[in-house]
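Participant: Show me the folded form of this:
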Amino acid sequence: MPRRYSSFLLRCWVMDDEVRVEIQHMQSGRRAREISLPAALKWLEGFAGAEPEDDESVGALPRSGEVYSSR
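Facilitator: Model (predicted):
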């Protein structure tokens with residue numbers, strides 16, 4: 001299996017009892033805003049088996065510039 005590299009920018013806010021996480025996949029520009037770290041990790045796992053040219057394998061992840069939320 002060939003090795004692939006992906007980089008992500010992760011921003012995390014903790015406000016009182018709430019956590020907000022924003023993630024951006026640097027190569028594609030896709031990003032998400034999630035309400036927990038487990039939800040953010042699940043979004044990241046969407047890239048684990050995806051081929052770079054195969055948008056369908058990324059599943060329900062948004063196109064570049066769109067924001068997905070698990071709310």
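Participant: Tell me where the protein has strands.
Facilitator: 8-15, 18-25, 31-34, 67-69 (DSSP state E).
Participant: tell me the most buried of the ones you listed?
Facilitator: For the strands of the chain, average neighbour numbers computed from mean count of other Cβ atoms under 10 Å are highest in strand 31-34, which has a mean of 20. Where you see a C-beta, it was placed from the backbone N, CA and C, and this is true even at glycine.
Participant: what's the distance between Arg3 and Leu9?
Facilitator: Per Cβ to Cβ, to the nearest Å, Arg3 is found 21 Å from Leu9.
Participant: again, but for Arg20
Facilitator: As judged by Cβ to Cβ, Arg20 and Leu9 stand 14 Å apart.
Participant: coming back round to it: including distance to Leu44, could the strands of the chain go into CSV?
Facilitator: Listed next are the strands of the chain as CSV, based on distance: least, Cβ to Cβ, whole Å:
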stretch, distance to Leu44
strand 8-15, 7
strand 18-25, 7
strand 31-34, 9
strand 67-69, 12
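Participant: Pipe these into JSON lines and attach mean pLDDT and distance to Trp43 per row.
Facilitator: Shown next, in JSON lines, are the strands of the chain (pLDDT from 0 to 100; distance: least, Cβ to Cβ, whole Å):
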{"stretch": "strand 8-15", "mean pLDDT": "92", "distance to Trp43": "10"}
{"stretch": "strand 18-25", "mean pLDDT": "92", "distance to Trp43": "6"}
{"stretch": "strand 31-34", "mean pLDDT": "92", "distance to Trp43": "5"}
{"stretch": "strand 67-69", "mean pLDDT": "50", "distance to Trp43": "7"}
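Participant: what's the closest of the ones you listed to Phe47?
Facilitator: Within those, the stretch nearest Phe47 is strand 18-25; the backing value is 6.3 Å (Cβ to Cβ).
Participant: And the closest one, what does it pack against?
Facilitator: strand 8-15, strand 31-34, helix 37-45 (3 or more Cβ pairs under 8 Å, 6 or more residues apart in numbering; DSSP states H and E).
Participant: Mind checking these for the one nearest to His25?
Facilitator: Of all those, it is strand 8-15 that lies closest to His25, at 5.8 Å by Cβ to Cβ.
Participant: Would you mind getting the angle between that closest one and strand 18-25?
Facilitator: If you take axes from the mean of the first three to the mean of the last three Cα atoms, to 10 degrees, strand 8-15 sits at 170 degrees to strand 18-25.
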